[in-house]
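[1] sequence? don't have it. structure:
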């Protein structure tokens, strides 16, 4: 039986996180819910945490992508990039993601409790983030 993507990459993925706990957040995408993937996550001693689909407030990866997108936009303005080839853009995106500070990723994850409390207080209403995403400032969407 061929090794799954999870089997082939899980150790490297969790090693980069510098965390002892192997927690995998999944948002109801069918891929991590397949029998093969669930079996691989079990072999990796990873805990799957499911969040509702279309819930960016509960998904630190969505917040990370937003921050990377903002960094890319700022960089393009500062360097006056008006047009670029796809390969150049792809390289800029890759570099931004790989150089994103682990401390900021950890802050995103640590802010989860506060986000959950706010969503519960607001009876499920969505949250949006003000200027500094990593200092846990929120405002409510009316």
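    Looks like it came in fine. If you're wondering where the values come from, they're calculated on a predicted model, not measured in any experiment. Numbers count the residues shown, from 1 in each chain.

[2] all strands of this structure, in order?
    23-26, 47-50, 127-129, 138-140 (DSSP state E).

[3] Confidence-wise, which of the ones you listed is weakest overall?
    In terms of mean pLDDT, the lowest-scoring of these is strand 138-140 (a mean of 39).

[4] what about the protein, any weak spots by pLDDT?
    1-4, 6, 16-19, 28-32, 53, 126-142 (pLDDT under 70).

[5] Okay, domains of it per the record?
    What automatic domain parsing lists as the domains of the chain is 1-50, 58-142.

[6] mind giving me CSV with the ones you listed and columns for mean neighbour count?
    Yep, even glycine has a C-beta here, placed from its N, CA and C like the rest. CSV is the format used below for these (neighbours: other Cβ atoms under 10 Å):
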stretch, mean neighbour count
domain 1-50, 13
domain 58-142, 13
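
[7] how distant is the top helix by length along the chain from the center of its chain?
    Longest among the helix segments of the chain by residue count, using DSSP state H, is helix 60-78. Relative to the centre of its chain, helix 60-78 is centred 12 Å away, using Cα atoms, centre = their mean, to the nearest Å.

[8] same thing with stretch 56-63?
    6 Å.

[9] Contact partners for the residue nearest the centre of the chain?
    Nearest to the geometric centre of the chain sits residue 61, at 1.1 Å (Cα atoms, centre = their mean). Residue 61 sits next to residue 25 when contact means Cβ atoms under 8 Å, 6 or more residues apart in numbering.
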